[in-house]
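Visitor: Compute the structure for the input listed below.
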Amino acid sequence: MTTTMTMANANAKTFNNSLPDAAAPQKHSRAQLAKDLLILSRFNRYNPFLATFSGVWATLLAGASQCDGNNNNNNDPRSTTTTTTHVFQQALLVFISGYLFCGAGMVWNDWVDVKIDQQVARTNKRPLAAGRVTSLQALIWMMAQYAASWVIMVYTLENKNVLEAMIPVTISTILYPYGKRSFFKAIYFYPQYFLGFTLGWPSVIGWLAIKGHTQSLQANIAESSALAVTVFAWTLYLNTAYSYQDIEGDRKARVNSIYFLAGPAYIHYFVGFLAGLVVFAIAVQLMGSQGQGGSQWLWGSWFCVWGWSFAGQLLRFSSGDPASGGGLHKENFALGVWTVVACAVELVLKCGGSKCQA
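Guide: Numbering: from 1, shown residues only. As a prediction, this is how the structure comes out:
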């Protein structure tokens, strides 16, 4: 009996030692899970900021246009007054909501694409693909971020047009990972189209954050549409160059992507065409905004800076070196940050740091 108990104790000890995860302190386990959830949402990288730019730009530009459009209409009894401080506060709220929404979208993308990510070198270390986060944990984290984003949007828009603001971008986010599948490839519809809409629609949200109570939803969509188209074209450009890094893995996994339209032989020309499309869209947007001919400040700080940057990016992009697309992606993030500054300066120039009227 004693021998049997000794052997049982030894076996139990051996079994416990073979389970390092179960034996690890709970505090460490929770800390690691928290870290993996942040990584799952890409909060350890700059990527989620790309989803916030159009909303912030739009909020600042809507505030600037509100001042500019009423400088000669100060005696209009229908006018209401707001401050540049309020515009900046609204821009911050739009940013936070968009950032959390993007985090939720990243989780959804990885949850749907987990099998694809496991086959691609750049993505197989992601928390879901590597098995460090379970599907249930990921979905709970996703819903928490989405709910927080929605609540902030309700506050930002004062509970007006919230469904119209959130539902379209939610649908496009849900569809985005499925755009990589063979069904959409068969009809020549690419995931970058969904992504472009997802990143462009917040232009409408930014306009609603400033003018949602003073004009109709249709009017806000009309005024923000030029910016939304610019962001759509910009997304096609930067994501085509960025995702080209995965061409070998995507080919093996049969992933649908817009760069397959051109192939390695013509990808440089295709990226150049998309860059030209972005510059053209910016020009159209600026010509139609802030009065005749647009703002001289924005022509210099936006159109000229982006055009100069794109010229350098195209020189550095190489079809023979897919990794060069990663550098372009980072440069476009820097352009996005710079344009936030440019739009903020535009707001101050138009409003004089005081009050705007709508």
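
Visitor: What residues of the helix or strand containing residue 136 count as buried?
Guide: Element membership for residue 136, per DSSP states H and E: helix 135-156. Under the neighbour-count criterion of 16 or more other CB atoms under 10 Å, helix 135-156 has 137-138, 141-142, 145-146, 148-150, 152-153, 156 buried. C-beta coordinates here come from the backbone N, C-alpha and C atoms, glycine included.

Visitor: Pull the most distant pair out of those.
Guide: Largest separation among the buried residues of helix 135-156 by CB to CB: 137 and 156, giving 28.9 Å.

Visitor: so where do the strands sit in the chain?
Guide: Using DSSP state E, the strands of the chain run over residues 81-83, 355-357.

Visitor: weakest of the ones you listed in terms of mean pLDDT?
Guide: Mean pLDDT is lowest for strand 355-357 among the strands of the chain, at a mean of 57.

Visitor: which stretches of this protein have low pLDDT?
Guide: Applying pLDDT under 70 to the chain picks out residues 1-28, 68-81, 289-294, 353-358.

Visitor: centroid residue for it?
Guide: By CA atoms, centre = their mean, the mean C-alpha position of the chain lies nearest to residue 51, the distance being 1.9 Å.

Visitor: Next, count neighbours for residue 125.
Guide: Residue 125: 12 surrounding residues under other CB atoms under 10 Å.

Visitor: Kindly report the same for the one 4 residues further on.
Guide: Burial of residue 129, expressed as a neighbour count using other CB under 10 Å, amounts to 19.

Visitor: got it, and the one 3 residues further on?
Guide: By other CB under 10 Å, 17 other residues sit near residue 132.

Visitor: gap between it and residue 32?
Guide: Residue 132 is 8 Å from residue 32, where distance means CB to CB, to the nearest Å.

Visitor: Ok, residue 45 next?
Guide: Taking CB to CB, one finds residue 45 at 18 Å from residue 32.

Visitor: Who has more neighbours out of the two?
Guide: Neighbour tally, residue 45 and residue 32, criterion other CB under 10 Å: the higher count belongs to residue 32, 15 against 11.

Visitor: The more buried one: what's it in contact with?
Guide: residue 132 (CB atoms under 8 Å, 6 or more residues apart in numbering).

Visitor: likewise residue 343?
Guide: 56-57, 60-61, 64, 298.

Visitor: of the residues you listed, closest to residue 185?
Guide: Taking these together and measuring to residue 185 by CB to CB, the closest member is residue 57, at 32.2 Å.

Visitor: so what's the closest one closest to, chain neighbours aside?
Guide: Spatially, and ignoring its direct neighbours in sequence, residue 57 is nearest to residue 343 (5.0 Å; CB to CB, 6 or more residues apart in numbering).

Visitor: Now do that neighbour against residue 201, distance only.
Guide: Going from residue 343 to residue 201 by CB to CB gives 18 Å.

Visitor: same check, this time on residue 116
Guide: As defined by CB to CB, residue 116 lies at a distance of 25 Å from residue 201.

Visitor: Equivalent analysis for residue 122, please.
Guide: Relative to residue 201, and taking CB to CB, residue 122 is found at 27 Å.

Visitor: Give me the more crowded residue out of the two.
Guide: residue 201 (24 against 14).

Visitor: Next up, the contacts around that one.
Guide: Residues near residue 201 by CB under 8 Å, 6+ apart: 54, 168-169, 172, 228.

Visitor: What is the nearest of these to residue 283?
Guide: Checking the contacts of residue 201 against residue 283 by CB to CB gives residue 228 as the nearest, at 15.6 Å.

Visitor: Confirm for me that the closest one is in contact with residue 206.
Guide: No - here residue 228 does not reach residue 206: they are 9.9 Å apart, not a contact under CB atoms under 8 Å.

Visitor: of the two, who's got more company?
Guide: Using other CB under 10 Å, the more surrounded residue of residue 228 and residue 206 is residue 206, with 33 against 24.

Visitor: Could you check how far the more buried one is from residue 60?
Guide: Distance, residue 206 to residue 60, by CB to CB: 8 Å.

Visitor: what touches both of those two?
Guide: Counting by CB under 8 Å, 6+ apart, the contacts common to residue 206 and residue 60 are residue 91.

Visitor: could you pull out the helices for the stretch 251-358 of the chain?
Guide: For the stretch 251-358 of the chain, the helices defined by DSSP state H, counting those that start in this stretch cover 263-287, 296-298, 305-316, 324-351.

Visitor: related to what we said a few turns ago, ok, how many other residues are close to the spatially closest residue to the residue nearest to the centre of the chain that is not a sequence neighbour?
Guide: Distances taken as CB to CB, 6+ apart put residue 102 closest to residue 51, at 3.7 Å, once the chain neighbours are dropped. Residues near residue 102, counting by other CB under 10 Å, number 25.

Visitor: mind listing what residue 102 touches?
Guide: By CB under 8 Å, 6+ apart, the residues touching residue 102 are 41-42, 47-48, 50-52.

Visitor: Of the residues you listed, grab the buried ones for PyMOL.
Guide: Per 16+ other CB under 10 Å, the buried members of the contacts of residue 102 correspond to this PyMOL selection:
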select buried, resi 41+42+47+48+50+51+52
